[in-house]
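> Just need the structure, nothing else, for what follows:
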Amino acid sequence: MASSPTVLMRLMASAYSVAHRAGTIVRNVVAGGDLGIVEKCGPNDLQTKADRLVQMTICSSLARKFPRVTIIGEEDLPSHDVDEELIEEGQCEEILKKAFPPEYSSIKEEELVVWVDPLDGTKEYTEGLLDHVTVLIGIAYEGKAIAGVINQPFYNYEAGADAVLGRTIWGVLGLGAFGFQLKEVPAGKRIITTTRSHSNKLIIQLIEGKASAYVFASPGCKKWDTCAPEAILHAVGGKLTDIHGNPFHYNKEVKHMNSAGVLATLKNFDYYASRVPENVKQALVP
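You can find the predicted model right below:
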């Protein structure tokens with residue numbers, strides 16, 4: 001007789017389904033023609049109707065099934081009843097059938113922390129740069145990112161009117177990552193990417209062989225930006241740290257800001273870490 005799914009398996013299966021639902025919401029808001037944009041802390045810190053609806057969908061759906069899990073979302077939204085139409089009850093059966101690492105079998109709900117970015121790339125979303133938009137759900141245990149889901153609502157959007165839009169990538173440390181084809185940069189090439197505003201599109205480029213290393217030399221991103229990508233990158237043998245090579249911690253009491261930037265690679269982390277200029281490191285205090 002097969003053993004019943006562990007809490008991590010069930011949480012991941014639910015996170016996958018709700019991320020898929022979130023992608024549909026993001027596309028529907030664009031199709032509706034009104035993004036509902038408001039400024040949170042200035043013109044470079046925006047919130048849209050999609051940010052609000054997706055966070056309510058993710059947080060409320062997961063909280064209903066896993067009431068003792070700590071869920072931390074990016075958006076500061078008032079507490080009120082959520083429309084039942086926003087609740088996602090489904091669970092991905094493919095995930096429930098996987099053989100999860102045995103070290104996660106005894107995890108309790110209250111030991112897990114979920115970090116949610118309902119719409120990573122909001123500014124790009126408002127500018128029509130749709131391939132930069134992602135929905136992020138990261139899961140941490142004992143302060144470590146161990147599982148993550150990334151939905152790309154507009155993946156394949158340039159393939160034509162009949163193309164199927166969107167995809168959902170997921171991974172668990174010790175199990176692997178799924179929903180994409182892992183590729184590496186061709187031998188002999190080194191492609192380093194960077195950006196003024198953090199973008200998890202660049203992390204995806206690492207696992208698709210379009211970049212060797214990603215450097216974000218600013219203190220602008222938060223724990224909900226890095227938890228899911230870190231778990232997926234680590235699940236395929238990559239590495240993501242701050243600019244000094246220090247690991248991020250995702251326990252519920254930790255500060256939300258990643259003040260010392262981000263360095264991520266699929267391979268040869270030490271090589272790229274050794275080539276970060278000292279003045280860059282000194283400007284980013286852990």
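
> how far out from the middle of the chain is the helix or strand where residue 12 lies?
In this structure, residue 12 sits in helix 7-32 according to DSSP states H and E. Counting by Cα atoms, centre = their mean, to the nearest Å, helix 7-32 is centred 12 Å from the centre of its parent chain.

> Can you pull out the low-pLDDT segments for this structure?
Along the chain, the model assigns pLDDT under 70 to residues 1-3, 36, 38-46, 76-80, 196-200.

> can you give me the end-to-end distance of stretch 115-131?
This stretch, stretch 115-131, spans 22 Å end to end (Cα to Cα, to the nearest Å).

> Pull out the buried residues from that stretch.
Neighbour-count burial for stretch 115-131 flags 115-125, 130-131 (criterion: 16 or more other Cβ atoms under 10 Å). (C-beta placed from N, C-alpha, C; glycine too.)

> Out of the residues you listed, list just those in strands.
Secondary structure from DSSP state E places 115, 116, 117, 118, 119, 120 of those in strands.

> With respect to residue 56, which of these is nearest?
The closest of those to residue 56 turns out to be residue 118 (Cβ to Cβ; 8.4 Å).

> any idea how far the closest one lies from residue 131?
18 Å (Cβ to Cβ, to the nearest Å).

> Also residue 203?
Residue 203 sits 14 Å away from residue 131, taking Cβ to Cβ as the criterion.

> Dump the ones in strands among the buried residues of stretch 115-131 to CSV, plus distance to residue 13.
As requested, those are exported to CSV (distance: Cβ to Cβ, whole Å):
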residue, distance to residue 13
115, 18
116, 16
117, 20
118, 20
119, 22
120, 22
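
> Mind listing what's buried along the helix holding residue 12?
Buried, per 16+ other Cβ under 10 Å, within helix 7-32: 7-27, 29-30.

> and it, what does it pack onto?
The criterion is 3 or more Cβ pairs under 8 Å, 6 or more residues apart in numbering; DSSP states H and E, and the helices and strands that helix 7-32 contacts are helix 49-65, helix 93-96, strand 112-120, strand 134-141, strand 144-152, strand 167-172.

> same thing but 6 Å
Helix 7-32 sits against helix 49-65, helix 93-96, strand 134-141, strand 144-152, strand 167-172, with contacts defined as 3 or more Cβ pairs under 6 Å, 6 or more residues apart in numbering; DSSP states H and E.

> Format these as JSON lines; extra columns: distance to residue 34.
Output for the helices and strands packed on helix 7-32, formatted as JSON lines (distance: least, Cβ to Cβ, whole Å):
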{"stretch": "helix 49-65", "distance to residue 34": "7"}
{"stretch": "helix 93-96", "distance to residue 34": "34"}
{"stretch": "strand 134-141", "distance to residue 34": "20"}
{"stretch": "strand 144-152", "distance to residue 34": "22"}
{"stretch": "strand 167-172", "distance to residue 34": "26"}
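
> quick one: which of those is nearest residue 83?
Smallest distance to residue 83 across those (Cβ to Cβ): 8.1 Å, for helix 49-65.

> tell me the helices in the stretch 101-250 of the chain, going along the chain?
Residue ranges of the helices in the stretch 101-250 of the chain, as given by DSSP state H, counting those that start in this stretch, are 122-126, 200-207, 223-235.
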